[in-house]
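Engineer: Dropping a prediction and its sequence here:
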Amino acid sequence: MNVGDIMSSPVFTIAPEENVAHARNLMLKHKISTLVVAREGKMIGIVTKTDLSRRLAQAEPMWRRRPIDKIPVSMVMNDAPISIYPDASISQASNLMLENGINSLVVVRENIMGIVTGTDIMRYVSQQKDIKLRVSDLMVDDIIFVHRHHTINHVVQEMEKHEVNRVIVTDDSNEAVGIITTSNVALNIMVDNEGNMQSKSIKMARRSTPAGQKTYRYIKDVPLVAEDIMVELPSGVAVDDMVTDAARLMLEEHVISLPVVNREEIVSMIGRKDILRAAQ
């Protein structure tokens, strides 16, 4: 079996002058994570959910000063995508992704034939009975926690700082209450027409005077925080579960990482990147 056997096809394309909002909507509609950016039928770049999440939450890029429907894909795309031949091995594809910190490769032979993603490789791993690795062999110790009231900018900064694609959200009692991935950021966070991050409105009550009985209400706009975009924690896996079972569970729950549980306590995480190592 090789890359051509597991790649995704057809490839969804977008023109470089199309806006970021359109790219996001295409990803949502087709449930995909990568779009090929093409001009006159030729690939000039790719744009992924990760590209969107990183750039939409950066503090000072110039394009943040522009309305979201006027930001062209060309300003956020990767203009040097890595490609692979359809007859390359799955191990070669996995190595390329891990070495370059990416989750997709364009499959080409003269023309674009498809895209192979980390999810495609994870699906392959889930079907391999000869892979005897256990979760404990691949799980990582870099569990990054954020508080439910941390801003989205802080969440993305933590992901960038620790080079992870997910964080666990905790409450005031340090209990895990949710998880945020780069996909959650990319598909939820947009900027408004003035180039500012989305906010939410909350009602505030205040007494008219310190000793007064009456109160009046007003609306205050505050930044979105972690609890606004987090999703429910997926089912956990045990440290001695098989990696193939972990990959199968990720596919069933449409997630890119799972908590690793030992005696009812989250001790680690296993993610799509870790599953790729099983295919090397």
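Structural biologist: Happy to help now that I have it.
Engineer: hey, let's count contacts and neighbours off CA atoms from now on
Structural biologist: Will do.
Engineer: can you give me the helices in the stretch 51-200 of the chain?
Structural biologist: Using DSSP state H, counting those that start in this stretch, the helices found in the stretch 51-200 of the chain span residues 90-100, 118-126, 135-138, 152-162, 182-188.
Engineer: what's the most buried one of the ones you listed?
Structural biologist: For the helices of the stretch 51-200 of the chain, the largest average neighbour count (mean count of other CA atoms under 10 Å) is found in helix 118-126, namely a mean of 22.
Engineer: can you dump the C-alpha coordinates of it into CSV?
Structural biologist: Taking C-alpha atoms only, helix 118-126 is exported to CSV below (Å, rounded to 0.1, in the frame of the first residue of the first chain):
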residue,chain,number,x,y,z
GLY,A,118,-2.6,13.0,9.0
THR,A,119,-6.1,11.7,9.2
ASP,A,120,-5.6,9.5,6.1
ILE,A,121,-2.5,8.0,7.8
MET,A,122,-4.3,7.6,11.1
ARG,A,123,-7.1,5.7,9.3
TYR,A,124,-4.4,3.4,7.7
VAL,A,125,-2.8,2.8,11.2
SER,A,126,-6.2,1.9,12.7
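Engineer: Measure how that helix sits relative to helix 90-100, angle-wise.
Structural biologist: On the basis of axes from the mean of the first three to the mean of the last three CA atoms, to 10 degrees, helix 118-126 is oriented at 130 degrees to helix 90-100.
Engineer: what comes into contact with helix 118-126?
Structural biologist: Under the contact criterion CA atoms under 8 Å, 6 or more residues apart in numbering, helix 118-126 has outside partners 6-8, 90, 94, 97, 103-104, 131, 243-248, 251, 272-273, 275-276, 278-279.
Engineer: okay, now residue 101: neighbour count?
Structural biologist: 11 (other CA atoms under 10 Å).
Engineer: could you list every residue that touches it?
Structural biologist: By CA under 8 Å, 6+ apart, the contact list for residue 101 is empty.
Engineer: Could you report the distance from it to residue 165?
Structural biologist: Distance of residue 101 to residue 165, computed by CA to CA, to the nearest Å: 11 Å.
Engineer: and if you look at residue 174?
Structural biologist: Distance of residue 174 to residue 165, given as CA to CA: 21 Å.
Engineer: quick one: which of the two has more around it?
Structural biologist: The residue with more neighbours, out of residue 174 and residue 165, is residue 165; 20 against 12, by other CA under 10 Å.
Engineer: what's the least confident stretch among the helices of the stretch 51-200 of the chain?
Structural biologist: Lowest mean pLDDT within the helices of the stretch 51-200 of the chain: helix 182-188, at a mean of 73.
Engineer: right, and the helices of the stretch 51-200 of the chain - which one's nearest residue 12?
Structural biologist: helix 118-126 (15.9 Å; CA to CA).
Engineer: Check the offset of that closest one from the chain's centre.
Structural biologist: 16 Å (CA atoms, centre = their mean, to the nearest Å).
Engineer: please begin residue numbering at 734 from this point
Structural biologist: Sounds good: first residue 734 from here, last item helix 851-859.
Engineer: what sits against residue 988?
Structural biologist: Contacts of residue 988 (CA under 8 Å, 6+ apart): residue 967.
Engineer: Roughly how far does it sit from residue 974?
Structural biologist: Counting by CA to CA - residue 988 and residue 974 are separated by 17 Å.
Engineer: Then residue 805?
Structural biologist: On the measure of CA to CA, residue 805 and residue 974 end up 45 Å apart.
Engineer: same question, residue 913
Structural biologist: 24 Å.
Engineer: Compare the two (neighbour count), which wins?
Structural biologist: The neighbour comparison of residue 913 against residue 974 (other CA under 10 Å) goes to residue 913, with 25 against 14.
Engineer: Wait, that one touches residue 901, no?
Structural biologist: Yes: between residue 913 and residue 901 there is a contact under CA atoms under 8 Å: 6.5 Å.
Engineer: which residues of the stretch 884-1013 of the chain score low on pLDDT?
Structural biologist: Residue ranges of the stretch 884-1013 of the chain with pLDDT under 70: 919-955.
Engineer: What segments of the chain are strands?
Structural biologist: Residue ranges of the strands in the chain, as given by DSSP state E, are 746-747, 767-772, 775-781, 816-817, 837-842, 844-850, 878-880, 899-903, 909-914, 932-940, 948-956, 970-971, 990-995, 998-1004.
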